[in-house]
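J.: Turn this into a model:
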Amino acid sequence: MLRTPSPHGLRFAFGTLTVLPVRVTRWDREAARGGMLCAPLAGLVVGAAAAATGLALLFLGAGPLLAAIATAAVPAVLTRGLHLDGLADTADGLGSGKPAEDALRIMKQSDIGPFGVITLVLVLLSQVAALTQAYDASWARGALAAVVSATAARLALTLAARSGVPAARPEGLGAAVAGVVPIRGAIAVAVAVTAAGAVAGASLGAADALRTALALLCAGAGAELLLRHCVRRFGGVTGDVFGGVAETAATTALVVLSLSP
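T.: All right, here's what the predicted structure looks like:
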């Protein structure tokens, strides 16, 4: 049975996954477990802020493209670009083709290589394109896409932090959260988020309910593919891998939501 996360878990989730002024008071495994279980809640808040920004621009007379760019920018701002940086570093590590130890060293470097740059450009273009299409359809679909993608990104973190997924390094945020979430807990959160997404989508119609649920499922599948590849290549997960997993899930969700019913 899934227990209600403690306040320490909520603090951990918002304090580590957002720039909101929440002080993390505990860094032990129990707090990390609660934090990763609460990760989708942090995503919901980030997504709501992104949607509100996009809608404000639309209501002020901006077009769908500008609203989409602002919507994509808000999650980056609210995470200090942490997930995007992790995505770029992961792409550089994977693209290097080097053994795990050398690839991990490349990922720790402060600069971004060609694989990282190309990946960032393609991912951000995909996100903006999908959000533009969503806003062009209606303001409600654009807002839903913003919330669902941000929540899907953090749900991917919950799933990536499940038991059995090792850390590639003994230090860092990746090591602090690797394997802390019981598999049953991760599944329960995934089911709850997917059901909530379907209900939210149903407010726009039956097709949207199905598409939203499918977007969350596909986001989880895409993130899982990257996660497993990284575990094979690096021997486990790092903070960068978590960031890459989150951005992969967000982008996949947006792409699926942009598809016609």
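J.: contacting residues around A221?
T.: Residues counted as contacts of A221 (Cβ atoms under 8 Å, 6 or more residues apart in numbering) are T252. To be clear about C-beta, it is placed using only N, CA and C from the backbone, and glycine gets the same treatment.
J.: nope, L214 is what I was after
T.: V256.
J.: before we move on, which element is it in?
T.: Assessed by DSSP states H and E, L214 sits inside helix 206-234.
J.: surely L57 meets L66?
T.: Yes. Here L57 reaches L66: they are 5.8 Å apart, a contact under Cβ atoms under 8 Å.
J.: And L227, how close does it get to Q133?
T.: Going from L227 to Q133 by Cβ to Cβ, to the nearest Å gives 28 Å.
J.: typo on my end, W139
T.: Counting by Cβ to Cβ, the gap from W139 to Q133 is 13 Å.
J.: right, and V241 touches L87 too?
T.: No. V241 is beyond contact range of L87, at 9.4 Å (criterion: Cβ under 8 Å).
J.: So which of those two has more stuff around it?
T.: The residue with more neighbours, out of V241 and L87, is V241; 30 against 27, by other Cβ atoms under 10 Å.
J.: Distance-wise, check the more buried one relative to G205.
T.: Taking Cβ to Cβ, one finds V241 at 37 Å from G205.
J.: One more: T79?
T.: T79 is 32 Å from G205, by Cβ to Cβ.
J.: Comparing the two, which shows the higher neighbour count?
T.: Using other Cβ under 10 Å as the criterion, T79 and G205 rank with T79 on top: 22 against 11.
J.: For the residue in the chain sticking out farthest from the centre, give me the backbone phi and psi.
T.: Residue farthest from the centre of the chain, counting by Cα atoms, centre = their mean, is G61 at 29.5 Å. Main-chain dihedrals, G61, degrees, to the nearest 10: phi 110, psi 0.
J.: V181 now?
T.: phi -100, psi 120.
J.: who's it bridged to?
T.: When assigned by DSSP bridges, V181 has beta-bridge partners R162.
J.: count of neighbours near it?
T.: Residues lying near V181 (other Cβ under 10 Å) number 26.
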